[in-house]
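[1] I would like the atomic coordinates for the input below:
(one chain, ligands or ions: 2)
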Amino acid sequence: MQAVVLVGGEGTRLRPLTYGTPKPMVPIVGVPYLARTMERLFEAGIREVILAAGYMPQAIVDYFGDGSRLDMEITYAIEQEPLGTAGALKNVEQHLTGPFFVLNGDVLTSLDLTAMMAFHRQAGGLGVLHLIRVEDPSAFGCVVRGADGRIGRFVEKPPQGSEPTDEVNAGTYLLEPEVLQAIPAGRNVSIERETFPQLLAAGKPLYAYVTQDYWIDLGRPEHYLAAHRDILSGAMPLRLEPGLTGAVAQAKHHSVRLFAPVHLDPDVQIEPGAEIGPNVVLGRGCRIGAGAVLRDCVLWEDVVVEAGALIEEAIVASRTRIGRGSVIGRGSVIGHDVEVEAGSIVAPGARLGPGTPLPIP
Ligand code: GDD
Ligand code: MG
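    Residues are numbered from 1 along each chain as shown. Ligands and ions are numbered 1, 2, ... in the order given. Now for the predicted structure:
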């Protein structure tokens, strides 16, 4: 079985993080999100992966190469202009040899891909879509299905209040090659707005695979932080890299007040009297000054937080410096290589990037 991972989006909702790192390379507890997806594909026995990329592809190519390090075979299809979620599949048609998985490159889920393959074998049809129930379906593709699982309708992001169901497209499909025939070549095509509705209107059988797995779309800062909280609490099962947690972290950093759960890269340096946690992830090379307070935040690599700074509910990208005594408001997102001057008060929800025009959408 092959898999196509859609990683061509610009990650606009994660700006300014995605000015320096494309969304699939955004770290989830220190490891690029896409590497975690590759691991899941590997565990399901999938060795051939096609990455449909477009935005900042070099960062992806540099990290994964030809895939041999992972014992996988990676083919890149780099779009000069975004081809859309179906156009990206049409664009790799020549590489596909049979039924294939399609993964949105930004969902974190515990979905069992092997079980989904078994479901497809038994259900038949042109394909299977993984569905999940959510509270606000208007932000997703709503999928209406019968009791037998057969899908009747696909409505992408309907206006709030008019959602036909709370079961939504969770961004993992298993498709037969015949689906590709329904996609016109050479232009931008959305699988959600064009291909699925057209197949259904033509009476083609698509089936829903509804599960209660952990599932979150990482595309928004608040969801990125929520995903980290869920990983730290164990609600989202994930094998983490060696890092310091719980009593071990406290024993190493005995002059620091730690509030579990936290995940600290083994080489972080923390000065006495700092207060870290709960729900804090510190990446490689982070240095935290005396008396700094960090709660509910994810700091990428080589972030420097000077003495007495306060960071709550925020994401800070690599190599940024938070000056002495600064206060970073809740919901802030601070990009790469930013220098926040000592004593700054960063308003809640701010988006700060180096040399990026503000405000950022
Ligand atoms: N190669 C390529 N080319 N990839 C693309 C393109 C493109 O033109 N456009 C988007 N993608 C990738 C994105 O990088 C992302 O991984 C995935 O396709 C989905 O795009 P998003 O922009 O994240 O879409 P969304 O989150 O608003 O909605 C989609 O995901 C929801 C579940 O999270 C839809 O599939 C919804 O129906 C679904 O409910
Ligand atoms: Mg998304």
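
[2] distance check, the residue of the stretch 51-200 of the chain at minimum distance from ligand 2 against His223.
    Per Cβ to the ion, Asp106 is where the stretch 51-200 of the chain lies closest to ligand 2, at 4.4 Å. Every C-beta, even on glycine, is put in place using the N, C-alpha and C of the backbone. Distance check for Asp106 against His223: by Cβ to Cβ, to the nearest Å, it reads 9 Å.

[3] which stretches in the protein count as helices?
    17-20, 33-43, 57-64, 84-90, 113-123, 178-181, 196-201, 221-233, 246-252 (DSSP state H).

[4] on that earlier part again, wait, the residue of the stretch 51-200 of the chain closest to ligand 2 sits on Thr12?
    No. In this structure, Asp106 is not within contact of Thr12 by Cβ atoms under 8 Å, at 11.9 Å.

[5] who has more neighbours, these two?
    Asp106 (26 against 12; other Cβ atoms under 10 Å).

[6] show me what contacts the more buried one?
    By Cβ atoms under 8 Å, 6 or more residues apart in numbering, the residues touching Asp106 are 9, 11, 23-24, 33, 171, 217-219.

[7] ok, which pair from those residues is furthest apart?
    The distance between the two most remote of those (Cβ to Cβ) is 14.6 Å, for Gly11 and Gly171.

[8] lowest-pLDDT helix or strand in the chain?
    Within the chain, no helix or strand scores below helix 246-252, which has a mean of 76 by mean pLDDT, DSSP states H and E.

[9] give the buried residues for that one.
    Buried residues in helix 246-252, counting neighbours by 16 or more other Cβ atoms under 10 Å, are found at 249-250.

[10] residues making contact with that helix?
    So helix 246-252 is contacted by 244, 256, 258, 260-262, 264 (Cβ under 8 Å, 6+ apart).

[11] got the residues of the chain near ligand 2?
    For the chain, the contact set with ligand 2 under Cβ under 5 Å from the ion comprises 106, 217, 219.

[12] make CSV out of those and add pLDDT.
    Below are these laid out as CSV (pLDDT from 0 to 100):
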residue, pLDDT
Asp106, 93
Asp217, 94
Gly219, 89
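
[13] count of residues packed around Gly54?
    As a burial measure, Gly54 scores 19 neighbours (other Cβ under 10 Å).

[14] begin at 144 from here
    Will do, 144 is the new start, and the previous item becomes Gly197.

[15] does it really touch Pro225, like I thought?
    Yes. Counting by Cβ under 8 Å, Gly197 does reach Pro225; the two are 5.4 Å apart.

[16] hmm, back to that, can you give me the distance of the residue of the stretch 194-343 of the chain closest to ligand 2 to Ile413?
    31 Å.

[17] and Pro307, by the same measure?
    For Pro307, the distance to Ile413 - Cβ to Cβ - is 51 Å.

[18] the more surrounded of the two?
    The neighbour comparison of Pro307 against Ile413 (other Cβ under 10 Å) goes to Ile413, with 24 against 14.

[19] who's in contact with the more buried one?
    By Cβ under 8 Å, 6+ apart, the contact list for Ile413 reads 396, 399, 407, 419, 430-431.

[20] state the pLDDT value of it.
    For Ile413, the pLDDT comes out at 96.

[21] which residue sits closest to it, ignoring its sequence neighbours?
    Ile431 (4.4 Å; Cβ to Cβ, 6 or more residues apart in numbering).

[22] tell me the bridge partners for the one you found.
    Ile413, Val448 (DSSP bridges).

[23] who are the neighbours in contact with Glu335?
    228, 284, 297, 299, 312 are the contacts of Glu335 under Cβ under 8 Å, 6+ apart.

[24] so which of these belong to strands?
    When DSSP state E is applied, those are split such that 284, 297, 299, 312 fall in strands.

[25] not counting its neighbours along the chain, what's nearest the third one?
    Spatially, and ignoring its direct neighbours in sequence, Glu299 is nearest to Glu335 (4.1 Å; Cβ to Cβ, 6+ apart).

[26] equivalent analysis for the last one, please.
    Taking Cβ to Cβ, 6+ apart, and ignoring the residues beside it in sequence, Asn312 has Gly284 as its nearest neighbour in space, at 3.5 Å.

[27] where does this structure dip in pLDDT?
    Scanning the chain for pLDDT under 70 picks out 498-504.

[28] circling back to that earlier point, now the common contact residues for Gly197 and Pro225.
    In contact with both Gly197 and Pro225: Gly151, using Cβ under 8 Å, 6+ apart.

[29] give me the subset of the ones in strands among the contacts of Glu335 touching ligand 1.
    Among the ones in strands among the contacts of Glu335, proximity to ligand 1 is found for 284, 299, 312 (Cβ under 6 Å from any ligand atom).

[30] one step back: of the contacts of Asp249 - the most surrounded one?
    Counting by other Cβ under 10 Å, top hit in the contacts of Asp249: Pro167 with 30 neighbours.

[31] that residue and Val250 touch, don't they?
    No. Look at Pro167 against Val250 with Cβ under 8 Å: they stay out of range, at 11.2 Å.

[32] what residues does the stretch 194-343 of the chain put near ligand 1?
    195, 197, 222, 225-228, 231, 247-250, 283-284, 299, 311-312, 314, 335.
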